[in-house]
Structure formats: C-alpha cells, structure tokens
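**Student:** no FASTA, just this:
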C-alpha cells in the first residue's frame, strides 16, 4: 500500500514507523521540522507538502492534536479532500469533537470519498508496540479494505458504528478512565492517612470489587505495578494535557445530548486545574499529586 501519514508526533511517529517496517510505502508530513528530521532518521520518506503524496496514496492517515488541525488538513484552503483520488481511503486517528468528526466525514461524502474516524487507546507504548485499540466509525466496507493496515498498528480494531461513532466511543472510554484514576488516587490517599500499606490495599482491591484496568496497569503508587508511570517519576505514557483535553471533549459531547454527567464534569475540572498548574507534561496518573496536596494542606 502507498500510505500518506500526516502528523508524526509522539503517537504518529511510531505508528508510521511500524507501517514502514511492515513493507508499506509510507510518505509522512508534519509541520514540525524536528518531527520530519526524526522521521527521516527512522526511515520514513518525508514530504515537504501534503500535495506531494495526496493523489498517489491508497490510504491517508492523520494523527493530529485538535479539531482545528483536522479541519485545516481536510477542508482548509489546501485541504486534502480536494486533492485525493476517489479511490483513496481517509482515516483520521485524531481525538476530536464528535460533531467536528461527523462534519468532516460529511464533506468527504459529498466528494464520494470514504472516510473513517479511528481514534486510538493504548498510549505511546501501545503505538510503539503495535498494540493499539482502534475505535472506528464509518462504513464497514471501507474498514474491511484497510483492516490489514490497521492490524499493523493495533491488536483490537472495533467497528463502533456510523461516522463519529469512533470519537463517541473514545470520549466515553476516556471519561471513565479519568474518573477511575481520580477514584483510585483518592482511595490510596485515604489509605495512606489511615496508615494502611498501599501494597496490602492493592492486593485486596485487585481481587475484590474495587478492581479495574487502571488499578492493575497504572497504579499511581511506585514499586507495586511494573507498568506504572509512578515508577518513572510520572514520565508520561498518556499525559495530563491529553487527558484534560479528552475530558473536555467528553463534557462537550455530554452537553450536546443534554446529559448532566456530574462525575465527568468534575474530572474535567480537576484535570484542567492540574494542567494549568504546570503538570500537563506528566502522566495522567500523577493526578494523585493534586489530591494529596489538597488532602494534606487542610
């Protein structure tokens, strides 16, 4: 396959590199010169403009930071919707607003283009390992055509439904993840105040009704769970800034359907506060630092 990959940042770089290593002809583009240089070092063909590969690509994948970037790339002044051939399948792996995702997909449809929204879960480590989960919205026949490509980058590819459904699934998933991490952090902070050994509490919780994925994989206490970012001074796998952004997207999605998601709103407020306080670069599990500060300053 000839694949165009737009956005080779922390997530996009390992995803594009895995595709190139698997034998696909990958041409990458990024506005960051540093990202382009790193891409070349990793063996990617890097283009100075999206026009260089748009018409030749069988598939174009985008992994971009926010709504505005997605709109610019697809429907902006030099947007790729007006450049690609009708046989090209478009896959947006960015995490953006559900309504924005549907609007861009609608624009693609008016040009008889197949477009999938396919946000991912698994973080940088999952991108590097090729073990991401893809939550895919769009036509099922288009998904079947690109399934071999997605399987290079991920282990779990789930068709969530019509256009925008992938973004909806990501918003729901990350709202729960953010809420879960806050709950875990409060529980272990309470345990500390009560004099309970955190390893004992982990052993109890992981085999009791408090068990959950975030507890087993991202416990915010060092020295207990091997994959915990707490073991690495909260060096990020999934940064606070990204969680704050995703929770704001979930909050907006809830408001768009008149849902008062109280815990989701509170989680969004807490992560945004933590980000604005200068901790946006840390792993999302570092939210325990905010909770501990509040607990011990009263």
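**Tutor:** Cool, got the structure. Being a predicted model, the structure only gives us computed values, none of them experimental. Numbers count the residues shown, from 1 in each chain.
**Student:** from now on I want contacts and neighbour counts done on CA atoms only, so please keep to that.
**Tutor:** Fine.
**Student:** neighbours of residue 229, just the number please.
**Tutor:** For residue 229, the neighbour count with other C-alpha atoms under 10 Å is 24.
**Student:** can you pull out the low-pLDDT segments for this protein?
**Tutor:** 295-298 (pLDDT under 70).
**Student:** now with 50, please.
**Tutor:** Residues of the chain that meet the criterion pLDDT under 50 lie in 298.
**Student:** what pairs with the residue most central in space within it across the strands?
**Tutor:** For the chain, residue 120 is the residue whose C-alpha lies nearest the centre (C-alpha atoms, centre = their mean; 4.9 Å). Judged by DSSP bridges, the bridge partners of residue 120 are residue 134.
**Student:** am I right that it is in contact with residue 131?
**Tutor:** No - contact criterion C-alpha atoms under 8 Å: residue 120 and residue 131 do not qualify, at 10.1 Å.
**Student:** so who does residue 46 touch?
**Tutor:** By C-alpha atoms under 8 Å, 6 or more residues apart in numbering, the residues touching residue 46 are 27-29, 36, 39-40.
**Student:** before we move on, what SS does residue 220 have?
**Tutor:** With DSSP: H, G, I helix; E, B strand; the rest coil as the basis, the three-state label of residue 220 is coil.
**Student:** how close does it get to residue 85?
**Tutor:** Going from residue 220 to residue 85 by C-alpha to C-alpha, to the nearest Å gives 48 Å.
**Student:** these two: which is more packed in?
**Tutor:** More neighbours surround residue 220 than the other of residue 220 and residue 85, with 27 against 17 (other C-alpha under 10 Å).
**Student:** surely that one meets residue 228?
**Tutor:** Yes - at 6.6 Å, residue 220 counts as touching residue 228 under the criterion of C-alpha under 8 Å.
**Student:** out of the contacts of residue 46, which are buried?
**Tutor:** Of the members of those, the ones counted as buried by neighbours, 16 or more other C-alpha atoms under 10 Å, are 27-29, 36, 39.
**Student:** among those, which two are most distant?
**Tutor:** Spatial extent of the buried ones among the contacts of residue 46 (C-alpha to C-alpha) is set by the pair 27 and 36 at 10.7 Å.
**Student:** list the contacts of residue 205.
**Tutor:** Residue 205 sits next to residue 211 when contact means C-alpha under 8 Å, 6+ apart.
**Student:** which helix runs longest in the chain?
**Tutor:** Counting by DSSP state H, the longest helix found in the chain is helix 165-193.
**Student:** measure how far it is from the centre of its chain, please.
**Tutor:** Centroid displacement of helix 165-193 relative to its chain, using C-alpha atoms, centre = their mean, to the nearest Å, is 15 Å.
**Student:** now it: buried residues?
**Tutor:** In helix 165-193, the ones that count as buried by 16+ other C-alpha under 10 Å are 165-172, 174-186, 188-189.
**Student:** can you check stretch 280-298 too?
**Tutor:** 280-288, 290-292.
**Student:** ok, which pair from these is furthest apart?
**Tutor:** 281 and 292 (18.4 Å).
**Student:** do me a favour and get the end-to-end distance for stretch 207-227?
**Tutor:** 18 Å.
**Student:** show me how this structure divides into domains.
**Tutor:** 2-161, 168-296 (automatic domain parsing).
**Student:** how far does the longest one sit from its chain's centre?
**Tutor:** Right, domain 2-161. 13 Å.
**Student:** quick one: the strands in the stretch 101-250 of the chain?
**Tutor:** Listed in chain order, the strands of the stretch 101-250 of the chain (DSSP state E, counting those that start in this stretch) span 114-117, 120-121, 132-137, 154-161.
**Student:** out of those strands, flag the one nearest residue 108.
**Tutor:** Of those, the one closest to residue 108 (C-alpha to C-alpha) turns out to be strand 114-117, at 6.6 Å.
**Student:** who are the packing partners of that closest one?
**Tutor:** strand 89-92, helix 98-110, strand 132-137, helix 140-153, helix 165-193 (3 or more C-alpha pairs under 8 Å, 6 or more residues apart in numbering; DSSP states H and E).
**Student:** can you lay out these as CSV showing distance to residue 265?
**Tutor:** Listed next are those as CSV, based on distance: least, C-alpha to C-alpha, whole Å:
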stretch, distance to residue 265
strand 89-92, 26
helix 98-110, 17
strand 132-137, 23
helix 140-153, 32
helix 165-193, 9
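**Student:** for residue 13, which of these is the nearest?
**Tutor:** helix 140-153 (11.3 Å).
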